[in-house]
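Enquirer: 3D model of this:
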Amino acid sequence: MINAPVSHLQDALELEGDAKLDLWELRLKTVPTIFRFWNGAERTWRGNLYQGLACQLQGEASGTEGQNNRPTLTVTNPAKIFGAFAAEGYFDLAEIIRRRVLQRHFIADVNEFQQRVWIVGRVPGVTAQVLQLELRSPLDMPAWKTPRRVFSPPEFPFIVL
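Expert: Okay, the predicted model is just below:
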């Protein structure tokens, strides 16, 4: 027998986990084309239509010493639509945006989400069935350098946050 107030037990029974949905946006750099997709049926969220394409992100992790990994995004390729874009090199330096939305916010069309951005590093494979994209952090580019030191108050009082 649990010695807890009945109201606490009732509240615990009402608790329910909320699924997190990943909405993907692929923005090509050289042509004004945006692909929006997710693992579900075609649906509009925040005025944008997201196509239902099976997709999976593998290898996402963050290093403890600032190392950037390079995850792979695999997306189904219906009617071979991505093949022509890959053959022309349109995926080079394209931007991938993942918006992670709670299911209840997705259903209610609420503009609340977590966002992560990658750049397409290379295209390891395009077949009639799937498109594979190797992603990299926007800071993982040849000419990018991060500052050695963070300049912030109180050491630098003229900086306002």
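
Enquirer: Looks like N48 contacts R36 (just checking).
Expert: Yes - here N48 reaches R36: they are 5.6 Å apart, a contact under C-beta atoms under 8 Å. From N, CA and C alone the C-beta is placed, and that goes for glycine too.

Enquirer: hmm, who's touching stretch 124-131?
Expert: 72, 74-77, 80, 82-83, 86-87, 123, 132-134 (C-beta atoms under 8 Å, 6 or more residues apart in numbering).

Enquirer: Same check on stretch 83-99?
Expert: 22-31, 33, 57, 73, 77, 113-120, 123, 126, 128, 131, 133, 135.

Enquirer: at 7 Å instead, please
Expert: 22-31, 73, 77, 113, 115-120, 123, 126, 131, 133, 135 (C-beta atoms under 7 Å, 6 or more residues apart in numbering).

Enquirer: residues contacting the nearest residue to A94 once chain neighbours are set aside?
Expert: The shortest distance from A94 to any non-neighbouring residue, by C-beta to C-beta, 6 or more residues apart in numbering, is to V120 (4.5 Å). Under the criterion of C-beta under 7 Å, 6+ apart, the neighbours of V120 are 91-94, 96, 133, 135.

Enquirer: could I get those residues as CSV with secondary structure and pLDDT?
Expert: Rendered in CSV, the data for these read as follows (DSSP: H, G, I helix; E, B strand; the rest coil; pLDDT from 0 to 100):
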residue, secondary structure, pLDDT
F91, coil, 92
D92, coil, 89
L93, coil, 89
A94, coil, 94
I96, strand, 96
L133, strand, 95
L135, strand, 94
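
Enquirer: Report the buried members of those.
Expert: Buried by 16 or more other C-beta atoms under 10 Å: 91, 94, 96, 133, 135, out of these.

Enquirer: on that earlier part again, please spell out the PyMOL selection for the buried subset of the contacts of stretch 83-99.
Expert: Only the buried entries of those go into this PyMOL selection, using 16+ other C-beta under 10 Å:
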select buried, resi 22+23+24+25+26+28+73+77+113+118+119+120+123+126+131+133+135
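
Enquirer: quick one on the thing from earlier: make TSV out of the contacts of V120 and add distance to L102.
Expert: Shown next, in TSV, are the contacts of V120 (distance: C-beta to C-beta, whole Å):
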residue	distance to L102
F91	30
D92	33
L93	31
A94	27
I96	21
L133	26
L135	23
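
Enquirer: which one among the residues you listed gets closest to A108?
Expert: Nearest to A108, judged by C-beta to C-beta, of those is I96 at 25.6 Å.

Enquirer: Identify the residue nearest the closest one in space, chain neighbours excluded?
Expert: Leaving aside its sequence neighbours, I96 sits nearest to W118 (C-beta to C-beta, 6+ apart; 4.5 Å).

Enquirer: Right, I'll leave it there.
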